[in-house]
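Chemist: Just a sequence and a predicted model for now, questions to come.
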Amino acid sequence: MLWALLGLGAGFTAIPLFTESDYLLNLGVQLFLAVALAQSWNVLGGFTGQITLGHAAFFGLGALVTRTLWGNGVGILLAIIPGILVCIAFSLLIGGLAFRLRGDYFAIGTLALAEMLRIIVGNLLPGISTIPSTALTNYALLPRYYLGLALAALVVGVAAALARSRIGLGMQAIREDEAAAAASGVGVLGHKLLALVISTGLAGFAGGVFAYYHASYYPQYPFSPLWSFEAILMSFIGGVGTVHGPVLGALFYTILKEYLAVRLVEIHLLIFGTLFILIVLLLPGGLVEVWTRFRRLVHRGS
Amino acid sequence: MVTWSKPVLEIEGLVVSYGALTALQGVSLTVGSGEIVVLVGPNGAGKSTLLKAVAGLLHPRSGAIRWEGEELSAIPPHRIVERGLALVPEGRRLFARMTIRENLELGAFTPRAQAEKSRRLDRVYEIFPRLQERQDQLAGSLSGGEQQMLALGRAFMSAPRLLLLDEPSLGLAPRVAEAIFSVLGEFHREGLSIFLVEQNVQAALTLAQRAYILEGGKIVGAGEGRSLLQDEHIRTAYLGPLARGGQSN
Amino acid sequence: MILAQQLILGLLVGGLYGLAAAGLSLTFGVLRVLNVAHGDLLMLGGYVTFWLFSLWHVDPFLSLAAVAPSLFFLGLILYCVLFRFVVRAREEVRIKNSLLIGFGLTLVFQILAIQFFTADERSVTTAYGGEAIKIAGLAIPLVRLASVVLAFLVLAALQIFLNRARWGRAIRATAEDWEAASLMGIPVGRAYLWAFALGTALAGVAGGLVSVSYSISPTIGLEWTLKALIVTVLAGLGSLFGSFAGGLLLGFAEAGSGLLLGGAYREAVGLGLFLIILITRPQGLFGSR
Ligand SMILES: Nc1ncnc2c1ncn2[C@@H]1O[C@H](COP(=O)(O)OP(=O)(O)OP(=O)(O)O)[C@@H](O)[C@H]1O
Ligand SMILES: [Mg+2]
């Protein structure tokens, strides 16, 4: 199964060799951002079972820091790193307190935190953020495309490595039964904090790529709860808590969104919202589970 | 063994488990009409599990629970109450944030009990005048003994024909426990069948016509109430000086 | 003078926070399910009032007599189709899945509302909409005052139902201990159904009042859910009037902080308050999480 992901990565690396279509490259960047958002959410919400509704806070923070530095002349790669670091620092700052909350309290607490940040940023920076005119005239899609691809590859790579590691197993044990995990010697808070740091650091990276990619937007836009919501939708529809699921979910989501946006605005959210509810109720394994069931059927048939 | 009358409750080969743990491993027993049957056993034997299964709160893995010939194990708890079985659960489970009066009236929730509500309420107040004095106070404010009286009264309100009681004397002063037992005797004389789980083996066996001993999820002994008091195993395990601590594991 | 005026306006909006919170805490308290789509149900109720007014000139206060039953009915459907399947699950699964379902519903309702009602902000403007009671130089908008009074009356009626009626008591008993309730012969599933539908109806009534006193749009759901949540953690569960008082308090605090920090931050202050309470009471409203 990991080969499928590697093949996918190789395919996306090769695409610009065959086409210069802005349409495809733009779609590519959006896909990479979607993969990064979903997979980074999945590390905390899927592997570790800590459903957060505040993922956008870190996406937004990364975007804010990176955009500010980059706008002031710092090279983009150098500007992204502080964005990630700020996210990690902020997550450590709130982590100890946030993890005192359980279940739905954790979810709504993180949502409230993200909304608070969004409101504050919106008040402090009411104007539209536009990239410097020099950058605008030289705007090229290719570097954005490859930076996005690198981001997606990194996020998926981290998730894959984590899933196979002892630490990842500890996280999953916490998701299944926190008390039992603690009883069998898993450091619960440590694992949760690590998941939070990885998840938010990667979200900050994604925010940085967003800041590099979008020519102009309101600074509070990347803090919008919709980013958290999309991450959750994609993870669940693909298959929450797996490595392939969020990638599959992001692909499906981005393509359907693109396809439907041509006709009706936002209708994709209606479809995904409904699909999401059905999956939560009837098919907790998401599309990945459909695939494995299908394969089992085929194997039995042959 | 003598069965005193036609059985109303018949349990056969009952198996109940919590996940991997099998708490009841094939229990069979009967309660006859108008009988007082006692179930004794050490902590963790599965006594509460048995009562909960009868009341419909737990679903058996296999086996049968028959009430007057009708299979109960697939029937939800509220319908079992309608059929005339009332459980006074372990720990009483009163509605602490509601008044005593409200607790009692809730006991008569089923349509069948509604019809007898005022008559039964008078009867409960007659048996437990304390409850009437304090009827508008919150149940949470009662003492342990009063709470047990309320739990008993609440069950009585549902117009039961079989009372299932889970350790009603637990944590009560001996005199209060005695009062509770005497009320049970009175209910019995009025025609109720009683199935009683008790740690207070002496008192329970004195009251009982028949008794079963449950250990490790299995019935390991049975007999007539008073004669069991003489039983060697009962004497050493449940009535001796080391009884309480010695048996629980 | 401005100060007093602002604080009064804060109290008036607070009454509606209270009504929104009462519905949320009813479902939360009885089903132990946090319905994050509560604000979106409120939004839908607002649209019922709005359309009844714009299409048939039904007086918005009168229209509540239609809003409440229609949202009650919606609540019945939502419970039977969705929440019924999660309430009996073991605690972690129930919390997680109900949260996720509610979250999915917010998206669905929001997009449906945009689709059918457009994204425009709407409000009901009646002939008497501009009138105000003037006392000591303060102007109290009549419609907002009437809304708060009505909110209070609705809660009082519901409280009487919960205290006196056979099913009202069954709902309270179920909230306290569903197992014990089932031993009383109460069909617990039915109690959940009634409680959920009542909570939904309350959200709808709150929405109707919001549409005449303030304004509605398809995206207000999240904001109102958060308000209701803030009030609920502030006031706790178990008392409708507690929710109402908590709502007044939040409205008051928002107005006060708006005066101190500037109106733009009043929302952030409420959320900050919320986080502080959450962290100081992390065990949750039931005390044993
Ligand atoms: N909800 C539960 N989940 C898992 N195991 C349980 C549960 N309830 C009881 N058990 C286990 O089932 C067994 C029987 O328990 P039960 O409560 O029926 O015993 P009991 O005879 O009533 O004991 P006691 O005298 O202490 O009340 C015990 O080993 C107990 O640990
Ligand atoms: Mg017991």
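Modeler: Arrived safely, thanks for sending. Numbers count the residues shown, from 1 in each chain, chains lettered A, B, ... in the order given. Ligands and ions are numbered 1, 2, ... in the order given.

Chemist: and stretch C:90-101, what's its mean pLDDT?
Modeler: On average, the pLDDT along stretch C:90-101 is 86.

Chemist: Buried residues in it, which are they?
Modeler: C:94, C:95, C:96, C:97, C:98, C:99, C:100, C:101 (16 or more other CB atoms under 10 Å in any protein chain shown). Where you see a C-beta, it was placed from the backbone N, CA and C, and this is true even at glycine.

Chemist: Next, the contact list for the fourth one, please.
Modeler: Each residue near residue C:97 by CB atoms under 8 Å, 6 or more residues apart in numbering or on different chains is listed here: A:280, A:281, C:86, C:89.

Chemist: Check the last one too.
Modeler: With contact taken as CB under 8 Å, 6+ apart, residue C:101 is in contact with A:277, A:280, A:281, C:82, C:83, C:86.

Chemist: ok, is the host helix or strand of it in contact with ligand 1 or not?
Modeler: Assessed by DSSP states H and E, residue C:101 sits inside helix C:91-117. No - contact of helix C:91-117 with ligand 1 (CB under 6 Å from any ligand atom) is absent, the minimum separation being 12.3 Å.

Chemist: Separate out the buried members of the contacts of residue C:101.
Modeler: A:277, A:280, A:281, C:82, C:83, C:86.

Chemist: isn't residue A:276 right next to residue C:100, touching?
Modeler: Yes - with contact defined as CB atoms under 8 Å, residue A:276 reaches residue C:100; the gap is 7.4 Å.

Chemist: what about the strands in the chain?
Modeler: Went with chain A since none was named. A:129-130, A:216-217 (DSSP state E).

Chemist: Can you look at chain C instead?
Modeler: Using DSSP E, strands in chain C cover C:132-135, C:138-141.

Chemist: Other residues contacting the first one?
Modeler: Contacts of strand C:132-135 from elsewhere in the structure, counted by CB under 8 Å, 6+ apart, are C:139, C:140, C:141, C:142, C:145.

Chemist: Ramachandran angles for the residue nearest to residue B:99 when sequence neighbours are not counted?
Modeler: In this structure, residue B:99 finds its nearest non-sequential neighbour in residue B:136, 5.3 Å apart by CB to CB, 6 or more residues apart in numbering or on different chains. With angles defined as degrees, to the nearest 10, residue B:136 sits at phi -100, psi 10.

Chemist: can you tell me which residues contact residue A:229?
Modeler: Contacts of residue A:229 (CB under 8 Å, 6+ apart): A:53, C:103, C:107.

Chemist: at 7 Å instead, please
Modeler: Each residue near residue A:229 by CB atoms under 7 Å, 6 or more residues apart in numbering or on different chains is listed here: residue C:107.

Chemist: mind checking how far it is from residue A:37?
Modeler: 10 Å (CB to CB, to the nearest Å).

Chemist: what about the closest residue to chain B within chain A, neighbour count?
Modeler: Nearest residue of chain A to chain B (CB to the nearest CB) works out as residue A:177 at 11.7 Å. Counted with other CB atoms under 10 Å in any protein chain shown, the neighbours of residue A:177 add up to 13.

Chemist: Look at residue B:170 and give its secondary structure.
Modeler: Secondary structure, DSSP: H, G, I helix; E, B strand; the rest coil: residue B:170 is coil.

Chemist: Could you count how many residues lie near it?
Modeler: 16.

Chemist: If you drop the residues flanking it in sequence, what lies closest to it?
Modeler: Nearest non-adjacent residue to residue B:170 (CB to CB, 6+ apart): residue B:199, at 6.6 Å.

Chemist: any idea how far the one you found is from chain C?
Modeler: 21 Å (CB to the nearest CB, to the nearest Å).

Chemist: so that residue touches residue B:167, yeah?
Modeler: Yes - using CB atoms under 7 Å, residue B:199 is in contact with residue B:167, at 5.8 Å.

Chemist: the more surrounded of those two?
Modeler: For the pair residue B:199 and residue B:167, the greater number of neighbours falls to residue B:167 (22 against 19), based on other CB under 10 Å.

Chemist: So in terms of bridging, what pairs with the residue nearest the centre of chain B?
Modeler: Residue closest to the mean C-alpha point of chain B, counted by CA atoms, centre = their mean, is residue B:165 at 1.4 Å. Under the criterion DSSP bridges, residue B:165 forms beta bridges with residue B:88, residue B:196.

Chemist: just checking, it touches residue B:88?
Modeler: Yes - contact criterion CB under 7 Å: residue B:165 and residue B:88 qualify, at 4.7 Å.

Chemist: Pull the number of nearby residues for the residue of chain A found nearest chain C.
Modeler: Nearest residue of chain A to chain C (CB to the nearest CB) works out as residue A:273 at 3.5 Å. Neighbourhood size, residue A:273 [other CB under 10 Å]: 22.

Chemist: Residue numbers of chain B in contact with ligand 1?
Modeler: B:18, B:21, B:23, B:41, B:43, B:44, B:45, B:46, B:47, B:48, B:49, B:90.

Chemist: Could you list which of those belong to helices?
Modeler: Using DSSP state H, B:47, B:48, B:49 are the members of the residues of chain B next to ligand 1 that sit in helices.

Chemist: Now restrict those residues to buried residues only.
Modeler: B:47, B:48, B:49.

Chemist: Going by distance to chain C, which of those wins?
Modeler: residue B:48 (12.1 Å).

Chemist: And the closest one, how far from residue B:167?
Modeler: Applying CB to CB to residue B:48 and residue B:167 gives a distance of 8 Å.

Chemist: Next, show the common contact partners of the two.
Modeler: residue B:90.

Chemist: okay, and for the stretch 151-300 of chain A, where does confidence drop off?
Modeler: Segments of the stretch 151-300 of chain A classed as low confidence (criterion: pLDDT under 70) are A:262-265.
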